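Trainee: Below: sequence and its predicted model.
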Amino acid sequence: MKKEILSKIENNKEVVGIIGLGYVGLPLAVNFAEAGVNTLGFDKNQKKVDMINHGDNYIGDIRDAVLRSVVIDEHFLEATTDFSRIRECDALLICVPTPLDKFRKPDMSYIENACIEIGQNMTPGTFICLESTTYPTTTENFMLPIIERESGLKVGKEFWMAYSPERVDPGNINFHTRNTPKVIGGYTPDGLEIGIKLYSKAIETLHPVSSPRVAEMVKILENTYRLINISLINELALLSGKMGINIWEVIEAAKTKPFGFQAFYPGPGIGGHCIPLDPFYLEHIAKQYDFDLSMIHTAGHINMRMPHYMYIKIATALNKHQKSVNGSKLLFLGVAYKPNINDDRESPALEIMDIVAHKGGIISYNDPHIPHVKTNKGHVYNSIELTQEAIKNADCVVLTTNHSAFDVEMVKKHAKMIVDMRNMIPEGGENVYKL
């Protein structure tokens with residue numbers, strides 16, 4: 001079986017199945033298809049499947065012409081909601097969501113459902129790799145028993161498993177799926193060998209590690225490193241504001257040290273799928289080993305509180321103008337979690353909007369990349385056009401995320417009041433507060 005799959009890979013005869021066609025799965029599928037690999041994408045969302053099969057793109061990091069070419073012209077990529085077609089695939093790469101539940105515990109239902117579908121439909125000789133962010137030991141202790149139970153097959157003999165964490169950074173113009181080095185850990189040496197041969201078609205550089213749990217910990221380390229440092233700078237920014245110290249001047253001075261320092265920058269909180277969630281995944285598994293991650297726990301909760309601190313900034317600014325939040329019109333500019341992307345997952349802007357709305361504020365927003373949003377509390381808003389009239393009608397304009405269509409000078413000229421959460425600096429000025 002190993003010789004057969006390696007022969008298929010060498011001769012471009014393999015079929016690669018991508019389960020989950022979101023920010024991770026679809027770019028990966030396109031990369032394989034660009035390499036001339038027959039690629040089958042699986043997703044339960046019929047709208048996504050239909051869009052892909054018509055060559056219509058919904059992921060900003062993929063060029064429209066490239067998707068259209070691999071789907072319409074070359075026929076290397078097809079999408080389906082029919083999971084029984086898993087039996088057509090020689091390799092299955094799992095790129096499903098891994099959210100937290102309402103108790104901030106890992107929601108493993110997407111991975112579990114994918115494993116059940118795989119176990120019930122795959123054929124012997126299949127290579128399986130998880131890319132979704134998760135806690136260490138997921139591949140070995142969670143996925144493997146499900147797949148073996150459902151399929152009746154044995155890992156290492158009749159199928160192979162690996163873990164290779166996604167490293168997608170939406171909106172990054174320098175690094176994308178193909179040129180970002182990729183870590184991979186196989187459950188067995190044969191599985192690692194097959195995984196390297198397969199992924200080499202879509203990824204330029206691969207870094208093998210000794211096991212899936214090592215690869216899983218790599219992903220957690222990468223994002224927890226960022227979480228702790230962003231939490232630190234956010235806390236120092238709040239303290240600096242109280243002390244009348246410009247935190248940005250501090251950072252710029254610290255950056256002159258040529259060793260032992262990497263700059264991180266303050267903001268209204270952390271968004272995206274990975275950094276806000278990874279610490280809670282690690283906490284989940286650490287508890288099973290009777291280990292207390294006190295630093296990571298603290299860092300996670302510092303950033304959970306940041307939207308509330310930002311609400312206080314808004315209320316303070318309004319109060320200086322003898323206004324209350326209740327009844328005030330607030331225009332939020334930017335609701336994506338980072339500039340110039342159409343991704344609002346875990347965006348702190350949405351949390352701040354919910355807090356303001358709960359206090360009686362009247363909410364509107366503009367973001368050219370996100371036409372409508374649904375907040376954590378279920379409020380639905382549609383992006384309005386950023387006009388002089390819209391700015392003048394707002395009691396306070398809240399700058400939450402920078403974006404290319406953002407005309408700062410127009411906002412400054414026409415706004416009654418501005419709270420700039422992108423740069424938490426106390427700044428003088430009659431009507432403008434950078435807090």
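Mentor: Arrived safely.
Trainee: tell me which residues of stretch 55-70 are tucked away?
Mentor: 55, 57, 59, 61-62, 67, 69-70 (16 or more other C-beta atoms under 10 Å). Using the backbone N, CA and C atoms, a C-beta is placed for each residue, glycine as well.
Trainee: scratch that, stretch 283-300 is what I was asking about
Mentor: For stretch 283-300, the neighbour count (16+ other C-beta under 10 Å) marks 283-286, 293, 296, 299-300 as buried.
Trainee: Likewise for stretch 141-159?
Mentor: Result for stretch 141-159 [16+ other C-beta under 10 Å]: buried residues 142-144, 146-148, 150-151, 153, 155, 158-159.
Trainee: just checking, which of those residues belong to strands?
Mentor: In this view, these that belong to strands under DSSP state E are Phe159.
Trainee: Max pairwise distance over the buried residues of stretch 141-159: which two?
Mentor: Greatest spacing in these, by C-beta to C-beta: Phe142 and Glu158 (19.7 Å).
Trainee: How is the protein divided into domains?
Mentor: Domains of the chain are assigned by automatic domain parsing as 2-210, 220-300, 305-433.
Trainee: Make JSON lines from these and add mean pLDDT to it.
Mentor: Shown next, in JSON lines, are the domains of the chain (pLDDT from 0 to 100):
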{"stretch": "domain 2-210", "mean pLDDT": "95"}
{"stretch": "domain 220-300", "mean pLDDT": "86"}
{"stretch": "domain 305-433", "mean pLDDT": "85"}
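Trainee: re the thing from before, now for the buried residues of stretch 283-300, which pair is the farthest apart?
Mentor: Pairwise distances across the buried residues of stretch 283-300 (C-beta to C-beta) peak at 17.1 Å, for the pair Ile285 and Ala299.
Trainee: helix, strand or coil for the closest residue to Ile233 other than its chain neighbours?
Mentor: Nearest in space to Ile233, with sequence neighbours left out and distances taken as C-beta to C-beta, 6 or more residues apart in numbering, is Phe264 at 4.6 Å. Three-state assignment for Phe264 (DSSP: H, G, I helix; E, B strand; the rest coil): coil.
Trainee: wait, isn't Phe264 in contact with Leu232?
Mentor: Yes - contact criterion C-beta atoms under 8 Å: Phe264 and Leu232 qualify, at 7.3 Å.
Trainee: more neighbours, these two?
Mentor: Per other C-beta atoms under 10 Å, whichever of Phe264 and Leu232 has more neighbours is Phe264, with 17 against 14.
Trainee: show me the contacts for the more buried one.
Mentor: 226, 229-230, 232-233 (C-beta atoms under 8 Å, 6 or more residues apart in numbering).
Trainee: Only the buried members of these: can you turn that into a ChimeraX selection?
Mentor: In ChimeraX, a selection of the buried entries from the contacts of Phe264 looks like this (16+ other C-beta under 10 Å):
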select :226,230,233
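Trainee: gap between the residue nearest to Glu34 when sequence neighbours are not counted and Asn342?
Mentor: Distances taken as C-beta to C-beta, 6+ apart place Val70 nearest to Glu34, at 6.0 Å, with adjacent residues excluded. Separation of Val70 from Asn342 (C-beta to C-beta, to the nearest Å): 21 Å.
Trainee: what does Ile270 give?
Mentor: Applying C-beta to C-beta, the value for Ile270 to Asn342 is 18 Å.
Trainee: which of the two has more neighbours?
Mentor: Shown here are Ile270 and Asn342; by other C-beta under 10 Å, Ile270 has more neighbours (26 against 16).
Trainee: Under a three-state scheme, what state does that one occupy?
Mentor: Secondary structure, three-state DSSP: Ile270 is coil.
Trainee: give me phi/psi at it?
Mentor: Main-chain dihedrals, Ile270, degrees, to the nearest 10: phi -110, psi 130.
Trainee: who's in contact with Ala91?
Mentor: Contacts of Ala91 (C-beta under 8 Å, 6+ apart): 5, 14-17, 126-129, 194, 198.
Trainee: With secondary structure added, can I get the buried residues of stretch 55-70 in a markdown table?
Mentor: Shown next, in a markdown table, are the buried residues of stretch 55-70 (three-state DSSP):
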| residue | secondary structure |
| --- | --- |
| Gly55 | coil |
| Asn57 | coil |
| Ile59 | coil |
| Asp61 | coil |
| Ile62 | coil |
| Leu67 | helix |
| Ser69 | helix |
| Val70 | helix |
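Trainee: Next, count neighbours for Lys44.
Mentor: By other C-beta under 10 Å, the residues close to Lys44 number 15.
Trainee: can you pull the buried residues of whichever strand or helix holds Asp354?
Mentor: Taking DSSP states H and E as the criterion, Asp354 maps to helix 348-358. By 16+ other C-beta under 10 Å, the buried positions in helix 348-358 come out as 348-357.
Trainee: Glu117 touches Phe83, doesn't it?
Mentor: Yes - counting by C-beta under 8 Å, Phe83 is a contact partner of Glu117 at 4.4 Å.
Trainee: Find residues that contact each of the two.
Mentor: By C-beta under 8 Å, 6+ apart, the residues touching both Glu117 and Phe83 are Phe42.
Trainee: ok, now which residue in this protein is the farthest from the centroid?
Mentor: No residue in the chain sits farther from the centre than Gln322, which is 39.4 Å out by C-alpha atoms, centre = their mean.
Trainee: Make sure I have this right: Lys47 is in a helix.
Mentor: Yes - under three-state DSSP, Lys47 falls within a helix.
Trainee: contacting residues for it?
Mentor: Neighbours of Lys47 in contact, by C-beta under 8 Å, 6+ apart: none.
Trainee: Would you check how far apart it and Asn53 are?
Mentor: Separation of Lys47 from Asn53 (C-beta to C-beta): 11 Å.
Trainee: For the very next helix or strand once past the helix holding Asp354, which outside residues touch it?
Mentor: Per DSSP H and E, the first helix or strand lying C-terminal to helix 348-358 is strand 362-366. By C-beta under 8 Å, 6+ apart, the residues outside strand 362-366 that reach it are 327-335, 349, 353, 356-357, 373, 379, 381, 383-386, 390, 394.
Trainee: No further questions, thank you.
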